[in-house]
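Visitor: here is a sequence together with a model predicted from it:
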Amino acid sequence: GESVGLHLPTLSVQEGDNSIINCAYSNSASDYFIWYKQESGKGPQFIIDIRSNMDKRQGQRVTVLLNKTVKHLSLQIAATQPGDSAVYFCVETQAGTALIFGKGTTLSVSS
Amino acid sequence: NAGVTQTPKFQVLKTGQSMTLQCAQDMNHEYMSWYRQDPGMGLRLIHYSVGAGITDQGEVPNGYNVSRSTTEDFPLRLLSAAPSQTSVYFCASRNRGGTEAFFGQGTRLTVV
């Protein structure tokens, strides 16, 4: 079946920098694309979602961009903090189905 | 508000044993799912349910059974444990049509 994948398994940034985590998806029929954050020893936690008919959505310190032409999704984190260190998953879903997770990108923030 | 509760948190099984991982949610969510997480593999969907009495297979259903007799509970049964089922298991729930899933704390299962 089709799956969501990520470009890079790890990303290291300095505290205060902006982080960009990328994701390539293959299922153009998905209705929503979502970013989840997983801290060590915990279950994933919702960050932000974007509907397939949008190209940008902003939250608190985070922005998600969707480029359907090239099937690319990104998560931008402004002023990255040590507490942002975690594994980030891009997730896709269609109405009436389950969430499908990609393999994740590990973000490491050094101070 | 307890959210999603998984039990047990840790379990060691011998090959061939059976057991049930429990999952309960108190948010009246219609959708519930089970995932397993292995190093470097992300979360892989085992089974999911869109409502009481309805279940469907995910990406890796072999060796696992589920049932959904109530909205609140979604147990995962391992029929005959194998070392390949050593993993961390997560249960999640969300509203119908919602994108925000709530996850339990996970069950770390080791099969020896």
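Guide: Arrived safely.
Visitor: which SSE is the residue in chain A positioned nearest to chain B in?
Guide: At 2.9 Å from chain B, A:Gly43 is the closest residue in chain A, using Cβ to the nearest Cβ. (Glycine included, C-beta is placed from N, CA and C.) Assessed by DSSP states H and E, A:Gly43 sits outside every helix and strand.
Visitor: find the nearest non-adjacent residue to it, please.
Guide: Spatial nearest neighbour of A:Gly43, excluding adjacent residues (Cβ to Cβ, 6 or more residues apart in numbering or on different chains): B:Phe103 at 2.9 Å.
Visitor: hmm, back to that, show me what contacts the residue of chain A closest to chain B?
Guide: By Cβ atoms under 8 Å, 6 or more residues apart in numbering or on different chains, the contact list for A:Gly43 reads B:4, B:90, B:92, B:103-106.
Visitor: B:Val4 too?
Guide: Per Cβ under 8 Å, 6+ apart, neighbours of B:Val4: A:43, B:23-25, B:27, B:91-93, B:102-104.
Visitor: again, but for B:Thr99
Guide: A:32, A:34, A:46, A:49, A:93, A:99.
Visitor: ok, the second one touching A:Phe46?
Guide: Pointing back at A:Ile34 there. Yes - if you go by Cβ atoms under 8 Å, A:Ile34 and A:Phe46 touch, sitting 6.8 Å apart.
Visitor: looking at the two, which is more packed in?
Guide: More neighbours surround A:Ile34 than the other of A:Ile34 and A:Phe46, with 24 against 18 (other Cβ atoms under 10 Å in any protein chain shown).
Visitor: just the buried members of the contacts of B:Val4?
Guide: Buried members of the contacts of B:Val4, scored by 16 or more other Cβ atoms under 10 Å in any protein chain shown, are A:43, B:23-25, B:91-93, B:102-104.
Visitor: give me the subset of those residues that lies in strands.
Guide: Residues from the buried ones among the contacts of B:Val4 lying in strands, with DSSP state E as the criterion: B:23-25, B:91-93, B:102-103.
Visitor: same list (those) but as CSV, adding distance to A:Leu75.
Guide: Listed next are these as CSV, based on distance: Cβ to Cβ, whole Å:
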residue, distance to A:Leu75
B:Cys23, 28
B:Ala24, 31
B:Gln25, 27
B:Cys91, 25
B:Ala92, 20
B:Ser93, 24
B:Phe102, 20
B:Phe103, 19
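Visitor: could those residues go into a markdown table alongside pLDDT?
Guide: As requested, those are exported to a markdown table (pLDDT from 0 to 100):
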| residue | pLDDT |
| --- | --- |
| B:Cys23 | 98 |
| B:Ala24 | 98 |
| B:Gln25 | 98 |
| B:Cys91 | 98 |
| B:Ala92 | 97 |
| B:Ser93 | 97 |
| B:Phe102 | 97 |
| B:Phe103 | 97 |
